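Enquirer: Sequence first, predicted model second:
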Amino acid sequence: MYTDIDLKKFIAELKTPWKTMAPDMATAKAIINKYAKTETGLDTVELLAISDSEQEIKISFPNWQAEAEKEFIQQYGLNSGKQIFKKVIMRLYLLSKGTAQQLQ
C-alpha cells in the first residue's frame, strides 16, 4: 500500500536533534572508525557503491552502514532503531556539508 508522506516534514524531522544524539553519534563514529582504519591511520569510507553495466545498475551499501543500523535496532528496537539510524545518516550528511556541529 502506498502512503503519501510530506517529504519536507520528513526531512525536517531527520534534521532535528534527538535526546540520545550524542551517544548515538559516538556509536556511529566508533563503527565508522573501525572500517576506516588502515595501516597508515584513518582513511575515507564509502557511503555508496554503484556499478553500471549495460544489463543493470548495481547499488550496494558499505558494511559500516549495515553494522550501524543493526546496532541501533538492537539498542532501540526495530522502528525506533531504524529512525535513529536515518537521523544519524542525515546528521553525517549535514556534517559533510558543514551545516551541523562537528562531532566531539
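Expert: All right, it came through fine. Numbers count the residues shown, from 1 in each chain.

Enquirer: Ile32: neighbouring residues, count only.
Expert: For Ile32, the neighbour count with other Cβ atoms under 10 Å is 19. For glycine as for every other residue, the C-beta is placed from the backbone atoms N, C-alpha and C.

Enquirer: ok, for it, nearest residue in space, not its chain neighbours?
Expert: Nearest residue to Ile32, sequence neighbours excluded (Cβ to Cβ, 6 or more residues apart in numbering): Trp64, at 5.4 Å.

Enquirer: Does that neighbour lie in a helix or a strand, and which?
Expert: Element membership for Trp64, per DSSP states H and E: helix 63-76.

Enquirer: Give the rounded mean pLDDT of that helix.
Expert: Here helix 63-76 scores 95 as its mean pLDDT.

Enquirer: So what touches it?
Expert: Under the criterion Cβ atoms under 8 Å, 6 or more residues apart in numbering, residues 24, 27-28, 31-32, 34-35, 45, 47, 81-82, 84-85, 88-89 lie in contact with helix 63-76.

Enquirer: go with 10 Å
Expert: Residues from elsewhere that reach helix 63-76 (Cβ atoms under 10 Å, 6 or more residues apart in numbering): 20, 23-24, 27-36, 45-48, 61-62, 78-89, 92.

Enquirer: which residues in the protein form strands?
Expert: Here the chain has its strands, by DSSP state E, at 37-38, 41-42, 49-52, 57-60.
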